[in-house]
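Asks: Just the structure for this:
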Amino acid sequence: MEAIPFVGVSDEDSAYLAAKAICEKMGGEGDVAIIEGIQSADNAQQRKAGAERAFAEYPGINIVASQTANWNAEEGLSVVTNILQTNPDIKGVFCANDAMSFGVIQAIEAAGKTGEIFVASIDAEDAAIENVKNGIALATVYNNQDAQAAKAIEVALDMIKGNAPSSMDIVVETILYTKDNLPG
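Replies: Numbering: from 1, shown residues only. Now for the predicted structure:
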């Protein structure tokens, strides 16, 4: 049987885009936190690595906390409530998925810091897009599922015709959604 190529996105690059947006909005200075997915999951590890890479590019950015919320909104709320108690001057929070960002935003609201802390996440769920639209979140990353599907079909049809894939690892670009480029 012929090997089947991977067609998808780079979780690390998606996280890099989101974290870089936070850094730029903060003017490259200040304290940030990373809210991780399930730590044993490959995509969570890649997303954390992407955020760390972006934050490392800015000498004035200081990661004061990096904790898991296990892809869960309630855990995001709890984790960030605790982080804000010990680090009240945080200016940015990277969330490895949108679901956790919903809890993070609740924690920020409860602390009376809405508009003072920039939140960016990954998945571009409808509610996350609304949060960006309403200025509650800075950004969300769209994993470009439409382009992934189209590319996978294109590669499959080429293989059916007997053509070898151009690569065994085909990465589709993701899109950072901010207030300036939201869909619809």
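
Asks: Going by C-alpha atoms from here, please, whenever you check contacts or count neighbours.
Replies: Fine.

Asks: so residue 38, which of the three states?
Replies: With DSSP: H, G, I helix; E, B strand; the rest coil as the basis, residue 38 sits in coil.

Asks: Next up, phi/psi of the residue lying closest to it once chain neighbours are set aside, please.
Replies: Nearest-residue entry for residue 38: residue 70, 4.4 Å, with adjacent residues in sequence omitted and distances by CA to CA, 6 or more residues apart in numbering. In terms of degrees, to the nearest 10, the main-chain angles of residue 70 are phi 50, psi 40.

Asks: Now do the strands for this structure: every range, in order, please.
Replies: All strands of the chain, identified by DSSP state E, fall at 6-8, 29-36, 60-68, 90-95, 118-122, 139-142, 169-171, 175-177.

Asks: Quick one: these as a markdown table, columns for mean neighbour count, mean pLDDT and distance to residue 54 too.
Replies: Conversion of the strands of the chain to a markdown table gives the following (neighbours: other CA atoms under 10 Å; pLDDT from 0 to 100; distance: least, CA to CA, whole Å):
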| stretch | mean neighbour count | mean pLDDT | distance to residue 54 |
| --- | --- | --- | --- |
| strand 6-8 | 18 | 89 | 21 |
| strand 29-36 | 23 | 98 | 12 |
| strand 60-68 | 17 | 98 | 10 |
| strand 90-95 | 27 | 98 | 11 |
| strand 118-122 | 30 | 98 | 13 |
| strand 139-142 | 27 | 98 | 15 |
| strand 169-171 | 15 | 89 | 19 |
| strand 175-177 | 22 | 96 | 14 |
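
Asks: Which one of those strands lies nearest to residue 19?
Replies: strand 90-95 (5.9 Å; CA to CA).

Asks: Return the angle between stretch directions for the closest one and strand 29-36.
Replies: Our comparison of strand 90-95 with strand 29-36, counting by axes from the mean of the first three to the mean of the last three CA atoms, to 10 degrees, yields an angle of 30 degrees.

Asks: What is the neighbour count of residue 112?
Replies: Each residue near residue 112 was counted by other CA atoms under 10 Å, and the total is 10.

Asks: make that residue 16, sorry
Replies: Neighbourhood size, residue 16 [other CA under 10 Å]: 24.
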